[in-house]
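Enquirer: sequence-free structure coming up:
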């Protein structure tokens, strides 16, 4: 089994078309088909069904696809790790983070890292914590800022708690604002709710159900910016991380009593040592958080969990 064969197989699986896959891989279509056939012969099972011109994955192909993606991602990481041995003049960091972190403190940490290692390529994937855990497992990310705790079904990850922050109820304007709210106060109120994959969604639903009710959604399925904009437009209220309210003068955050907090951790796959570039970014991020906590410049409601 060759990496090239797996790359061809993955291209066909993603395009569901041999000619388009060959164009993507910049190879003649007969050569690609021959390599796929050799792979099928070696594995002893067909990988694609080609009935009536429709290309679909067979059960063997479905089983191979996530493994092939992971092998290819790991091979790419290995090539880059070797290239970094001359020093961090080159390299790449693929970082996943939730939208609240991307809009908040992460930008400043990335700016510091880019200043210190200008030759290292930075790729940031924004998404919900559940999505980022999945991408880590697939080898599509080197590091990710995820929300703890992990689920029992999650892949084996190494995690380091780096900060804790409050969740608040956000609303438009401050007319009739209360000094605090309880989860029970959300009963019957129209909520703007994140799409599936966001930890804040799961935390809100769990808290409401523990209080004995199902929340009512005014609108469901948004990303962070969309949720905040919907609240600004008066569609409802939402439960969000406190840090996202910076530079949002039209929104007011009300604390929850008892407090609802979340813990952010830096994670990587347990079976793959982070590249030197990823390790350098981890050091930069931890140093940045420690200094910000010592200087008191972290946003209200955020507590650094790294040594100062």
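Expert: Structure received. Predicted, not measured: the structure shown is a model, and the values here were computed from it.
Enquirer: okay, CA-based contacts and neighbour counts for the rest of this
Expert: OK.
Enquirer: could you pull out the helices for this protein?
Expert: Taking DSSP state H as the test, the helices found in the chain are 3-15, 18-25, 29-43, 59-83, 99-103, 106-116, 129-137, 199-210, 224-232, 276-295.
Enquirer: check which helices and strands the last one sits against.
Expert: If contacts are counted by 3 or more CA pairs under 8 Å, 6 or more residues apart in numbering; DSSP states H and E, helix 276-295 sits against strand 92-97, helix 106-116, strand 302-304.
Enquirer: so how far is the first one from its chain's centroid?
Expert: So the one you mean is strand 92-97. From the chain centre to the centre of strand 92-97 is a distance of 9 Å (CA atoms, centre = their mean, to the nearest Å).
Enquirer: any idea of the angle that strand forms with helix 106-116?
Expert: 170 degrees (axes from the mean of the first three to the mean of the last three CA atoms, to 10 degrees).
Enquirer: could you export the helices and strands packed on helix 276-295 as a markdown table, including distance to residue 58?
Expert: Output for the helices and strands packed on helix 276-295, formatted as a markdown table (distance: least, CA to CA, whole Å):
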| stretch | distance to residue 58 |
| --- | --- |
| strand 92-97 | 31 |
| helix 106-116 | 42 |
| strand 302-304 | 48 |
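Enquirer: want to throw these into JSON lines with mean neighbour count?
Expert: Shown next, in JSON lines, are the helices and strands packed on helix 276-295 (neighbours: other CA atoms under 10 Å):
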{"stretch": "strand 92-97", "mean neighbour count": "23"}
{"stretch": "helix 106-116", "mean neighbour count": "15"}
{"stretch": "strand 302-304", "mean neighbour count": "19"}
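Enquirer: which among the ones you listed is found nearest to residue 152?
Expert: strand 92-97 (20.8 Å; CA to CA).
Enquirer: report the angle between the closest one and helix 276-295.
Expert: Inter-element angle recorded for strand 92-97 and helix 276-295: 50 degrees (by the same axes, to 10 degrees).
Enquirer: strand partners (parallel or antiparallel) of strand 92-97?
Expert: strand 121-126 (parallel), strand 143-148 (parallel) (DSSP bridges).
Enquirer: quick one: which of those strands is nearest residue 214?
Expert: Among the strands paired with strand 92-97, strand 143-148 sits nearest to residue 214 (CA to CA), with 23.1 Å.
Enquirer: buried stuff in the closest one?
Expert: Neighbour-count burial for strand 143-148 flags 143-148 (criterion: 16 or more other CA atoms under 10 Å).
Enquirer: redo those residues as CSV? Include distance to residue 13 and pLDDT.
Expert: Shown next, in CSV, are the buried residues of strand 143-148 (distance: CA to CA, whole Å; pLDDT from 0 to 100):
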residue, distance to residue 13, pLDDT
143, 26, 96
144, 27, 96
145, 30, 95
146, 29, 94
147, 32, 91
148, 33, 90
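Enquirer: now, which of these sits nearest residue 234?
Expert: residue 147 (28.4 Å).
Enquirer: quick check, the closest one in contact with residue 261.
Expert: No: Residue 147 lies out of contact with residue 261 (CA atoms under 8 Å); the separation is 10.6 Å.
Enquirer: buried stuff in the biggest strand by length in the chain?
Expert: Criterion DSSP state E: the longest strand present in the chain is strand 251-269. Using 16+ other CA under 10 Å as the test for burial, strand 251-269 gives 251-256, 260-269.
Enquirer: one more: stretch 164-174?
Expert: Applying 16+ other CA under 10 Å to stretch 164-174 flags 164-172 as buried.
Enquirer: pLDDT of that stretch, averaged?
Expert: Averaged over stretch 164-174, pLDDT sits at 87.
Enquirer: again, but for stretch 262-272
Expert: On average, stretch 262-272 scores 92.
Enquirer: what's the answer for stretch 97-107, then?
Expert: When pLDDT is averaged along stretch 97-107, the result is 85.
Enquirer: show the end-to-end separation of it, please.
Expert: 11 Å (CA to CA, to the nearest Å).
Enquirer: and if you look at stretch 164-179?
Expert: Per CA to CA, stretch 164-179 runs 22 Å from first to last residue.
Enquirer: contacts for that stretch, please.
Expert: For stretch 164-179, the surrounding residues in contact (CA atoms under 8 Å, 6 or more residues apart in numbering) are 181, 231-234, 236-243, 250-256, 259-264, 301-305.
Enquirer: thinking again about what came up before, what helices or strands is the longest strand of the chain leaning on?
Expert: helix 129-137, strand 143-148, strand 157-172.
Enquirer: can you state the direction angle for it and helix 129-137?
Expert: 20 degrees.
Enquirer: for strand 251-269, the distance to its chain's centre please.
Expert: 16 Å.
Enquirer: begin at 40 from here
Expert: Fine by me, first position is 40 from now on; the one you just mentioned is strand 290-308.
Enquirer: between that strand and strand 196-211, how big is the angle?
Expert: Here strand 290-308 points in a direction 170 degrees away from that of strand 196-211 (the same axes, to 10 degrees).
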